[in-house]
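Trainee: Sequence first, then the predicted structure, then my questions.
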Amino acid sequence: MTPEQIEIILIAVVVAGNCALVGTFLVLRKMAMVSDAIAHSILFGIVVMFFYTRSLASLPIIAAATLTGVFTVVMVEGLVKTRLVKEDAAIGIVFPALFSIGVILINRYAATVHLDTDVVLLGELAFTPFDRLMIAGHDMGPRALWLAGMVGIANLTFIALFFKELKLVIFDAGLAASLGFSPLVVHYGLMSLVSVTAVSSFEAVGSILVVALMIAPPASAYLLTDRLGLMLILGPAIGGISAVAGYFMAFILDASIAGSMASVTGIFFTAVLFFAPQRGLVSLMRRRRRQRLQFAGEMLLVHLSRHLGQPEEMEESSIEHIGRHLRWEENFGKRVISHLLHQSLVRLNAQKDRLLLTERGKTLAEERLGN
Amino acid sequence: MLSSFIFDFFFDYTFRTVALGSLVLGFVSGTLGAFAVLRQQSLLGDAVSHAALPGLVLAFLISGSREPAVLLAGAIAAGGLGMLYVTMITRHTFLKQDTALGIVLAVFFGFGMVLLTYVQRLPTAGKAGLDAFLFGQAATMLVQDVVVMASLGAGALGILVMLWKEMKLITFDPHFASTMGFPTRTLDVLLIILTVVAVVVGLQMVGVVLMSAMLVAPGAAARQWTDRFNKMVLVSGLIGAGVGVTGSVISSRVARLPTGPTIVVILSGVVMFSLLFAPGRGIHFRTRIRKKQRWQFAAETLAVHLLNHEGSPEEATENSLTALERHLGWDLIFAQRVARWAVVNNLVSQTDGSLRLTSLGRETAKKVMVR
């Protein structure tokens, strides 16, 4: 691998890790779509500041974009507070408005200078190694890597300092407020971090795919664990792995790197969605089937124990009658019976056409009847 | 200006196509958007529009044609698939809809980018026009595009009208609908599919990023003007159509003014105006009502005060403004203003600084006491 390739992968991994870190809190606070809104509306701040600085690579741009991001959130909250529109509609109104103004400004006034909407929307990871950070004539490495690294440190510092507060605000904002923590400070701190992270990432992956990196890895992590600390490790790890895998996928297909990274996060999420040990769809389905079988089996035990020693016992315990009586489909009935036989809760009589309760079966039926 | 506008409408092919196209698209997305806003699914459109990209590209890859009907079919299929995935995630896991939307939006779009970069390398492809997809290409619309979109839109609206009662019911009270035996899940999916059609149809006008505004803004604006459902949907459609035409006309008259963003900025203006000035709900209206209520309440308090002391020995001292200061805790200026309000509204008459109830004032005070 060439040094450029290694640098690209490094940038991708750091960016993905950053995104997943702040994204965790967005997913937990049910604010996932806010990332989409912020990522788009920062275009407005970038454009306005660009007219002053004439360069994309500057701190003022980052500051302006961050402000715009926070402003977006404030606007959305302001609209919601009027109670004239719901939150989803407020988001859907605010960010397209800011984004549109940004696009119009670019088209009207920046057509001759180098500021392309594509750059902001789609990014281009492959170009990032060519933009070097030079200090006193020394090549310090790609600027994007430095930027992403700094933002990463800022994110980690904020989360480490306010871990307790963040946790409290996420899970019980009311309690946090009554204990004297200001949910507002934590909230706007977090929104600023999301904005900074979005700006620092857009050059690499663009403002649309930032959403994939911010939401999909934390959502996957959420399906795997209940612990916030673990989520904060798993999310960035999944993001980082997706970044590396995405890079190689793009390399093999000769396709868009950012697109491939987003696709891999999607594949990862889908895999987790189906196969997560506790919450995956497959284990969910199996658990439901097992519970259904178990419940039906217990019904059958109760049925048998009810008629035990009664004159109609012969008829009521015949396999043929049971299916009709409990209105089971033939196959399901067979499965229930074999399940019970397997657990030796019932046994067959000598003619193999009737079910007899074993001692264990009797006890369980009694238990289920509550005596 | 107007005459040239009329002239162009009849004789300028491009202009007429664009104007008609945006009229149709605006009406369709406005109408279905009203449902999305009421059902609090405003961000659905955002996710659908992004999710359509892989479908567009795949349709092109498989068929090799650029027929709008083929591409739209692909886009609708992908958008629909994305929404099914969202439904699956929210139904079977504890992840919320915003998370599911964010994942589908960004991951599908990322996958679309991968496909697109792949297509662009094919010798047969030529420039596949990601820009057009991102920002719309109203200016290049052909009559056959408009015909295809109009028939799709008409189909969607036709189904909506046929199932009007059912759609209304699942919008306002899905639980009631399901207890009444309506197939709510099927209707839900159907309404989402209709929304997908509206979004895909609108893509050509405003592009991916801004499509959500086309859906949300007319609905949010219309909601402020009426509480009647039928009226709201109609108003929403008309706002969409009107702004669509206005925006496309303005952008065609002014150099370097892209159509989609222009439409969205005007739409946002309409939303702002509606939020501020709509009768009954608007912010301006509400502050006026609140002010009026404040004066009314104070004047009623004054009337009760006067009634209490009417005919008693201390009446002569209690009906002066200074007594109000002492007794009701009002400062003199406020007391004066309340007295003036009460005089203007004929509750009280004022002679030589002493206040006397009018017969209307006496009646009002008695009513307030009962209350």
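Mentor: Happy to help now that I have it.

Trainee: residues near whatever residue of the stretch 151-300 of chain A ends up closest to chain B, how many?
Mentor: Residue nearest to chain B within the stretch 151-300 of chain A: residue A:262 (2.5 Å; C-beta to the nearest C-beta). From N, CA and C alone the C-beta is placed, and that goes for glycine too. By the other C-beta atoms under 10 Å in any protein chain shown criterion, the neighbourhood of residue A:262 contains 33 residues.

Trainee: which residue sits closest to it, ignoring its sequence neighbours?
Mentor: Nearest-residue entry for residue A:262: residue B:110, 2.5 Å, with adjacent residues in sequence omitted and distances by C-beta to C-beta, 6 or more residues apart in numbering or on different chains.

Trainee: Ok, residue A:37 next?
Mentor: In space, residue A:37 is closest to residue A:95, 3.9 Å off (C-beta to C-beta, 6+ apart).

Trainee: Shouldn't the residue of the stretch 151-300 of chain A closest to chain B be within a helix?
Mentor: Yes. Under DSSP: H, G, I helix; E, B strand; the rest coil, residue A:262 falls within a helix.

Trainee: I'd guessed the residue nearest to residue A:37 sits against residue A:33; true?
Mentor: No. The pair residue A:95 / residue A:33 is not scored as a contact, 9.3 Å apart, by C-beta atoms under 8 Å.

Trainee: follow-up on the earlier one: ok, the residue of the stretch 151-300 of chain A closest to chain B - contacts?
Mentor: For residue A:262, the contacting residues are A:205, A:209, A:212-213, A:216, A:246, B:106-107, B:109-111, B:113, by C-beta atoms under 8 Å, 6 or more residues apart in numbering or on different chains.

Trainee: can you list those in TSV and add pLDDT, distance to residue B:167 and secondary structure?
Mentor: Formatted as TSV, the contacts of residue A:262 follow (pLDDT from 0 to 100; distance: C-beta to C-beta, whole Å; DSSP: H, G, I helix; E, B strand; the rest coil):
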residue	pLDDT	distance to residue B:167	secondary structure
A:205	83	39	helix
A:209	86	35	helix
A:212	95	32	helix
A:213	95	37	helix
A:216	97	32	helix
A:246	95	41	helix
B:106	94	30	helix
B:107	96	30	helix
B:109	93	29	helix
B:110	93	33	helix
B:111	94	32	helix
B:113	89	35	helix
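
Trainee: Name the nearest of those residues relative to residue A:268.
Mentor: Ranked by distance to residue A:268 (C-beta to C-beta), those are led by residue A:216 at 7.0 Å.

Trainee: Could you find the closest non-adjacent residue to the closest one?
Mentor: residue A:265 (3.9 Å).

Trainee: ok, the one you found - contacts?
Mentor: Here residue A:265 is in contact with A:212-213, A:216-217, A:220, A:238-239, A:242, A:246, B:107, B:110 (C-beta under 8 Å, 6+ apart).

Trainee: any chance of these in a markdown table, with neighbour count and distance to residue B:262 too?
Mentor: Formatted as a markdown table, those follow (neighbours: other C-beta atoms under 10 Å in any protein chain shown; distance: C-beta to C-beta, whole Å):
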| residue | neighbour count | distance to residue B:262 |
| --- | --- | --- |
| A:212 | 36 | 29 |
| A:213 | 35 | 31 |
| A:216 | 35 | 33 |
| A:217 | 34 | 37 |
| A:220 | 27 | 40 |
| A:238 | 25 | 41 |
| A:239 | 32 | 37 |
| A:242 | 30 | 37 |
| A:246 | 32 | 36 |
| B:107 | 30 | 30 |
| B:110 | 32 | 28 |
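
Trainee: and residue B:185, how many neighbours?
Mentor: Going by other C-beta under 10 Å, the residues that sit close to residue B:185 add up to 13.

Trainee: ah, wrong one, I meant residue B:340
Mentor: 14.

Trainee: just checking, next helix/strand downstream of the strand or helix carrying it?
Mentor: Following DSSP states H and E, one finds residue B:340 within helix B:332-344. Sequence-wise, the next helix or strand downstream of helix B:332-344 (DSSP H and E) is strand B:348-351.

Trainee: Please name every helix or strand in contact with that following strand.
Mentor: Judged by 3 or more C-beta pairs under 8 Å, 6 or more residues apart in numbering or on different chains; DSSP states H and E, the packing partners of strand B:348-351 are helix B:283-309, helix B:332-344, strand B:354-357.

Trainee: can you put the ones you listed in JSON lines and add distance to chain A and mean pLDDT?
Mentor: Listed next are those as JSON lines, based on distance: least, C-beta to the nearest C-beta, whole Å; pLDDT from 0 to 100:
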{"stretch": "helix B:283-309", "distance to chain A": "6", "mean pLDDT": "88"}
{"stretch": "helix B:332-344", "distance to chain A": "28", "mean pLDDT": "87"}
{"stretch": "strand B:354-357", "distance to chain A": "39", "mean pLDDT": "84"}
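
Trainee: Just the element for residue 158, please.
Mentor: This is for chain A. helix A:143-161.

Trainee: my bad, chain B
Mentor: Going by DSSP H and E, residue B:158 is in helix B:143-162.

Trainee: And that helix, what does it pack against?
Mentor: Taking 3+ C-beta pairs under 8 Å, 6+ apart as the contact cut, helix B:143-162 packs with helix B:13-38, helix B:68-92, helix B:184-225.

Trainee: and for the next helix or strand after it, what are the contacting residues?
Mentor: Using DSSP H and E, the helix or strand that follows helix B:143-162 towards the C-terminus is helix B:164-172. With C-beta under 8 Å, 6+ apart as the test, helix B:164-172 has contacts from B:35, B:38-39, B:160, B:176-177, B:180, B:182, B:184, B:187-188, B:191, B:229.

Trainee: relative to helix B:13-38, how tilted is helix B:164-172?
Mentor: 60 degrees (axes from the mean of the first three to the mean of the last three C-alpha atoms, to 10 degrees).

Trainee: Buried by neighbour count: which residues of the helix or strand just after helix B:164-172 qualify?
Mentor: Using DSSP H and E, the helix or strand that follows helix B:164-172 in sequence is helix B:174-179. Residues B:174, B:177 are the ones in helix B:174-179 that count as buried (16 or more other C-beta atoms under 10 Å in any protein chain shown).
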